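Peer 1: Mind looking at a prediction? Sequence and model below.
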Amino acid sequence: MIQLFHVSKSYDDAPALSGINLEIDKGELVFLSGPSGAGKSTLLRLIMSAEPPTEGQIVIAGRNVARIRRRAIPYIRRNIGVVFQDFQLIPNRTALENVSVSLEVLGTPAREVREKAAAVLEQVGLGQKLQALPERLSGGEQQRVAIARAVIGEPAILLADEPTGNLDPDLTLEVMQLLADLSGRGTTVVVATHDRSILERFPRRVIRLEAGRVVEDRRPHEEAPPEAEAAPPAEEEIA
Amino acid sequence: MSRLAYAFDGGSAAARAAYALRKAMAAMRAAPFTHLVAAFSIAAALLLCTVIGAATLGARALVEAWSRKGELTVYLAPAASEKEAERLAGMASELSGGTVRLVPADDALASLAASMGDAGKGLLDLPDNPLPTSLEIDLGQRPADEVRAIAAKLAALSSVEEVDAGEAFTERMARVADVAGGIAAALLPLLLLGAAVLVGSVVRLGVHERRREITILRLVGATDAFIRAPLWMEGTLSGLAGGLLAAAGIGAVTMGVGRSLAEALALPAQLDPGALVHPLLLGAVVLAGGLVGLVATALSVERQLR
């Protein structure tokens, strides 16, 4: 589902990522771990086409998004749900309206949007708070609204950047369980986190970054860190 | 891949338009005062444009009508006898093809005295009549060049002292109309530009306040067009509101002050303010307001959205 080939990213000649090779399968739940500044958020930003890589290729479901035209980026993003540590909710819109934006950009009729948004909020346990503004919701509830917004369009990929960074341990488990459930239903989920308790609680593949490089790619039940670098695809696959 | 295909689906254009309209209305409700100021500025600019423009066009039409009217006054030399005057009247009729009326000097003085009322009575006591015998020639509707050519021929006749084709007056009026038109041409774009800048600033302010929302919309896959549409709609609605206010203002001004002014000054038909209250013109004013709002918004937010 996600393939990165020799991906590097530099800001003013300062490398943020160097020679990243990765392959993440459909329905996988993958943790990106590492200290602050390791390049976890940069990697997520490249995958969501928020910015292009300096070098290399990023292939999402067979499409090379590293060299995509700017006008096509919105269409790629519709396939990628994103969840942030600071939730990124629109302050003056209700939970229902915040979730609705993902369908509104697709041109979905208003009635259908309302029905689907209410149903997704119900699924994440916020059925009673449809009309609540973000400021009236707890951190965990706000993050669940953000997750609902990310998944309502049934994206193939869900990227979460420190999604539990602002949550207490109970809410952290709650949110992580939601993400694990989504992965179980076929969504590819990539979670950037430096919370070791999450990695212990959810034994999934862990890709460890340090100074912009992959230093470990450990799959569940594996003892030693393997060299999990993907082979580059044939030209026709990229195109 | 089936999920990717779903996301590339075009969706409903009607739903997108409805979304843009809802968001534009919500933005206007959120900041009613600033939008009202923008609408009033457009209204003021359009009102002035329409009234000044119509007055300028009316004045030009009036000057054109005067220049086509073809009325000549031929003043005869004081020494011309009554017989000579009658001979010249015959020649003038033949030369011009118009209707010629001989006005003896005494009749001219009596007419002038009568037109001046009590103040004119003194004219009748003058020892010598200062007015000459004249010929008043009505040529009907003729091109200005033809009227000038006839005037030149009549001026060449013996015993003719002067021929007045009213050119001096119409030329003066034409100059006044030209100056007014020039001032209008310079002032009106500035007025419209000022109003457009104000509308653009109001919408730009809204973009600034909604920058977080716009960032989030981009994150969830909103296209540039999707983000622009509510802003353009907002500017257009402000402009249309300004156009409606301007149309109402034009109606009020022309039916109130304009009508009283027209009666008091006995303005000719070309300058009748009532002509402005025409559905087509008022509709054009409303549309012009919408267009100003749309263009101003499009230009002002384009750079901000990049």
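Peer 2: Sure thing, it's come through. Remember, it's a predicted structure, so these values are computed and weren't measured experimentally. Numbers count the residues shown, from 1 in each chain, chains lettered A, B, ... in the order given.

Peer 1: most remote residue from chain A's center?
Peer 2: residue A:111 (27.9 Å; Cα atoms, centre = their mean).

Peer 1: a helix runs through it, doesn't it?
Peer 2: Yes: membership of residue A:111 in a helix is supported by DSSP: H, G, I helix; E, B strand; the rest coil.

Peer 1: Can you tell me the SS state at the most centrally placed residue in chain A?
Peer 2: By Cα atoms, centre = their mean, chain A has its centre lying nearest to residue A:159, at 0.2 Å. Under three-state DSSP, residue A:159 falls in the strand class.

Peer 1: any idea how far it is from chain B?
Peer 2: Per Cβ to the nearest Cβ, to the nearest Å, residue A:159 is found 10 Å from chain B. Yep, even glycine has a C-beta here, placed from its N, CA and C like the rest.

Peer 1: quick one: residue A:4 is in a helix?
Peer 2: No: judged by three-state DSSP, residue A:4 forms no part of a helix; its state is strand.

Peer 1: For it, the count of nearby residues, please.
Peer 2: Using other Cβ atoms under 10 Å in any protein chain shown, residue A:4 is surrounded by 25 other residues.

Peer 1: From chain B, how far out is it?
Peer 2: 18 Å.

Peer 1: Tell me the pLDDT of that residue.
Peer 2: On pLDDT, residue A:4 comes in at 91.

Peer 1: Pretty sure it sits against residue A:64.
Peer 2: No: using Cβ atoms under 8 Å as the test, residue A:4 is too far from residue A:64 to be in contact (10.9 Å).

Peer 1: Would you mind giving the secondary structure of residue A:83?
Peer 2: The local conformation at residue A:83, judged by three-state DSSP, is strand.

Peer 1: now swap in the one 10 residues further on and tell me
Peer 2: Using three-state DSSP, the secondary structure recorded for residue A:93 is coil.

Peer 1: Would you list the phi and psi of it?
Peer 2: phi -120, psi 150 (degrees, to the nearest 10).

Peer 1: which ones are touching it?
Peer 2: A:101, A:133-134, B:213 (Cβ atoms under 8 Å, 6 or more residues apart in numbering or on different chains).

Peer 1: Kindly recompute the last result at 10 Å.
Peer 2: A:99-101, A:133-134, B:26, B:213, B:216 (Cβ atoms under 10 Å, 6 or more residues apart in numbering or on different chains).

Peer 1: Look at it and report its pLDDT.
Peer 2: What the model reports as pLDDT for residue A:93 is 90.

Peer 1: Return the backbone torsion pair for whichever residue of chain A sits closest to chain B.
Peer 2: Of all residues in chain A, the one sitting closest to chain B is residue A:107 (2.2 Å; Cβ to the nearest Cβ). Main-chain torsions, residue A:107, degrees, to the nearest 10: phi 80, psi 30.

Peer 1: and the angle for the longest helix belonging to chain A with strand A:157-161?
Peer 2: For chain A, the longest helix by residue count, based on DSSP state H, is helix A:169-184. Interaxial angle of helix A:169-184 relative to strand A:157-161 (axes from the mean of the first three to the mean of the last three Cα atoms, to 10 degrees): 160 degrees.

Peer 1: pLDDT of helix A:169-184, averaged?
Peer 2: Mean predicted confidence for helix A:169-184 is 84.

Peer 1: The residue nearest to the centre of chain A and residue B:87, how far apart?
Peer 2: 107 Å (Cβ to Cβ, to the nearest Å).

Peer 1: repeat for residue A:85
Peer 2: Counting by Cβ to Cβ, the gap from residue A:85 to residue B:87 is 109 Å.

Peer 1: how about the helix or strand residue B:87 falls within: buried residues?
Peer 2: For residue B:87, the host element (DSSP states H and E) is helix B:82-96. Applying a neighbour-count criterion of 16 or more other Cβ atoms under 10 Å in any protein chain shown, one finds B:85, B:88-89, B:91-92, B:95-96 buried in helix B:82-96.

Peer 1: And for stretch B:58-66?
Peer 2: B:58-60, B:62-63, B:66.

Peer 1: do the same with stretch B:243-256
Peer 2: Residues of stretch B:243-256 classed as buried: B:243-247, B:249-250, B:253-254 (neighbour count, 16+ other Cβ under 10 Å).

Peer 1: which non-adjacent residue is nearest residue A:131?
Peer 2: Taking Cβ to Cβ, 6 or more residues apart in numbering or on different chains, and ignoring the residues beside it in sequence, residue A:131 has residue A:94 as its nearest neighbour in space, at 4.9 Å.

Peer 1: What are the boundaries of the helices in the chain?
Peer 2: Went with chain A since none was named. According to DSSP H, the helices that chain A contains are A:40-47, A:73-77, A:95-104, A:110-123, A:139-151, A:169-184, A:196-201, A:235-238.

Peer 1: oops, chain B please
Peer 2: Under DSSP H, chain B gives helices at B:2-8, B:13-30, B:32-69, B:82-96, B:105-115, B:144-155, B:167-209, B:211-219, B:224-253, B:259-265, B:279-305.

Peer 1: Need the mean per-residue confidence for the fourth one.
Peer 2: When you say that, I think you mean helix B:82-96. Helix B:82-96 shows a mean pLDDT of 87.

Peer 1: and residue A:118, what is it in contact with?
Peer 2: For residue A:118, the residues meeting the contact criterion (Cβ under 10 Å, 6+ apart) are A:95-96, A:99-100, A:126-127, A:130.

Peer 1: what residue ranges in chain A score low on pLDDT?
Peer 2: A:221-239 (pLDDT under 70).

Peer 1: Likewise for the stretch 1-150 of chain B?
Peer 2: Within the stretch 1-150 of chain B, the segments meeting pLDDT under 70 span B:1-11, B:67-68.

Peer 1: just to revisit the earlier point, report the buried residues of the longest helix of chain A.
Peer 2: Counting neighbours by 16+ other Cβ under 10 Å, one finds that the buried residues in helix A:169-184 are A:171-176, A:178-179, A:182-183.

Peer 1: before we move on, back to that, let me have the buried residues of helix B:82-96 in JSON lines, extended by distance to residue A:147.
Peer 2: Listed next are those as JSON lines, based on distance: Cβ to Cβ, whole Å:
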{"residue": "B:85", "distance to residue A:147": "106"}
{"residue": "B:88", "distance to residue A:147": "104"}
{"residue": "B:89", "distance to residue A:147": "103"}
{"residue": "B:91", "distance to residue A:147": "103"}
{"residue": "B:92", "distance to residue A:147": "99"}
{"residue": "B:95", "distance to residue A:147": "98"}
{"residue": "B:96", "distance to residue A:147": "94"}
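
Peer 1: Between these, which sits nearest residue A:15?
Peer 2: Of all those, residue A:15 sits closest to residue B:96, with 96.4 Å by Cβ to Cβ.

Peer 1: now stretch B:113-132, how far from the centre of its chain.
Peer 2: Taking Cα atoms, centre = their mean, to the nearest Å, one finds stretch B:113-132 lying 41 Å from the centre of the chain it belongs to.

Peer 1: next one: stretch B:285-299
Peer 2: The answer for stretch B:285-299 is 20 Å, by Cα atoms, centre = their mean.

Peer 1: cool, stretch A:114-128 as well?
Peer 2: Taking mean C-alpha positions (Cα atoms, centre = their mean), stretch A:114-128 and its chain are 21 Å apart.

Peer 1: now swap in stretch B:248-265 and tell me
Peer 2: The answer for stretch B:248-265 is 15 Å, by Cα atoms, centre = their mean.

Peer 1: quick one: contacts of that stretch?
Peer 2: In contact with stretch B:248-265 (Cβ under 10 Å, 6+ apart) are residues B:40, B:43-44, B:46-48, B:50-51, B:54-55, B:267-269, B:271-278, B:281-282, B:285-286.

Peer 1: Give me the residue at the spatial middle of chain B.
Peer 2: Short answer for chain B (Cα atoms, centre = their mean): residue B:54, at 1.8 Å.

Peer 1: need the contact list for the residue nearest to residue A:131.
Peer 2: The neighbours of residue A:94, taking Cβ under 10 Å, 6+ apart as the test, are A:100, A:117, A:129-134, A:136-137, A:145.

Peer 1: Residue B:122 contacts residue B:113, doesn't it?
Peer 2: Yes: Residue B:122 is within contact range of residue B:113, at 8.2 Å (criterion: Cβ atoms under 10 Å).
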